[in-house]
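> take this sequence and fold it.
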Amino acid sequence: MRIQSFTLGSLATHCYIVAGQESAIAPAIAIDAGQNPEPMLSYLEQNRLTLTHILITHLHADHICGVRALAAGTQAQVLASSLDAYLQNLDIGRGNGLGYPAVPPFSFEPLEPGRIELLGQPLLVLDTPGHTPGSLSFFFPRAGAVFVGDVLFQGSVGRTDVPGGDSPRLLRSIRERLFILPNSTRVFPGHGQDTSIGREKAENPFFQPPR
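Got it, this is the predicted structure:
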């Protein structure tokens, strides 16, 4: 599995294209689509990839500002949690609350937690609420990779001082959904550096016992 990261917009939001094995017309999916997704479209064209789905970790403007353009350019199906749909009517989802331009409206199909198959391999859709009520993380067990949006960062966790944020719920999501994954699992966040489950369990200050 090939993973390509794109850092888009003024908040340096990480968006990803994940592709299957190389072939004449290789399938690919996107995880989030930030402002001005032209680099993602160029990458798809240059590598002869066919985008089938756009998976959204949560509906904050910096993660969705480019969804409409990416979907229009590829005809990919957009999937997100219906629990976050209300955010599209708030400033933090429309863009103004983050200093972004207005997010072009788009529709999506509801995505529920559970096991699905994409790119010819299993994908576990994990419900990881706390940053938003509908935050989802995407775990590819064969590749040992999880995409967590703004739930978990290297040495930190997602903000909860935003509409729908819930700190105890966020920490519980990380403990009960992410920290049960293998320690070797690579963590691809929405901002900052990549990390691993084992590193965050051992070093993340939000989960260390008091001294």
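> so where is the chain shaky, pLDDT-wise?
Along the chain, segments meeting pLDDT under 70 span 21-25, 211.
> what about the closest residue in space to Pro205 that isn't next to it in sequence, how many neighbours?
Once flanking residues are discounted, Pro205 sits nearest to Gly155: 6.8 Å by Cβ to Cβ, 6 or more residues apart in numbering. (Each C-beta comes from the backbone N, C-alpha and C, glycine too.) Applying other Cβ atoms under 10 Å, we find 14 residues neighbouring Gly155.
> do Glu176 as well
Number of residues near Glu176 (other Cβ under 10 Å) recorded here: 12.
> what's the spacing between the residue nearest to Pro205 and Gln193?
In this view, Gly155 and Gln193 are 9 Å apart by Cβ to Cβ, to the nearest Å.
> one more: Glu200?
In terms of Cβ to Cβ, Glu200 sits 11 Å off from Gln193.
> which neighbours do the two share?
By Cβ atoms under 8 Å, 6 or more residues apart in numbering, Glu200 and Gln193 have these common neighbours: Gln154.
> these two: which has the busier surroundings?
Comparing Glu200 with Gln193 by other Cβ under 10 Å, the one with more neighbours is Glu200, at 24 against 10.
> contact partners for the more buried one?
Taking Cβ under 8 Å, 6+ apart, one finds 152, 154-155, 178-179, 187, 207 in contact with Glu200.
> what helix or strand does the residue nearest to His60 when sequence neighbours are not counted sit in?
Residue nearest to His60 in three dimensions, not counting chain neighbours: Ile92, with 5.7 Å by Cβ to Cβ, 6+ apart. For Ile92, the host element (DSSP states H and E) is helix 91-94.
> now the element after that helix, going C-ward?
strand 109-110.
> type out the ChimeraX command that picks the buried ones from the contacts of Glu200.
With 16 or more other Cβ atoms under 10 Å as the burial test, the buried ones among those are selected in ChimeraX as follows:
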select :152,154,178,179,187
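> hmm, back to that, same for the helix holding Ile92, what does it pack against?
The contact analysis (3 or more Cβ pairs under 8 Å, 6 or more residues apart in numbering; DSSP states H and E) places helix 91-94 against helix 61-64.
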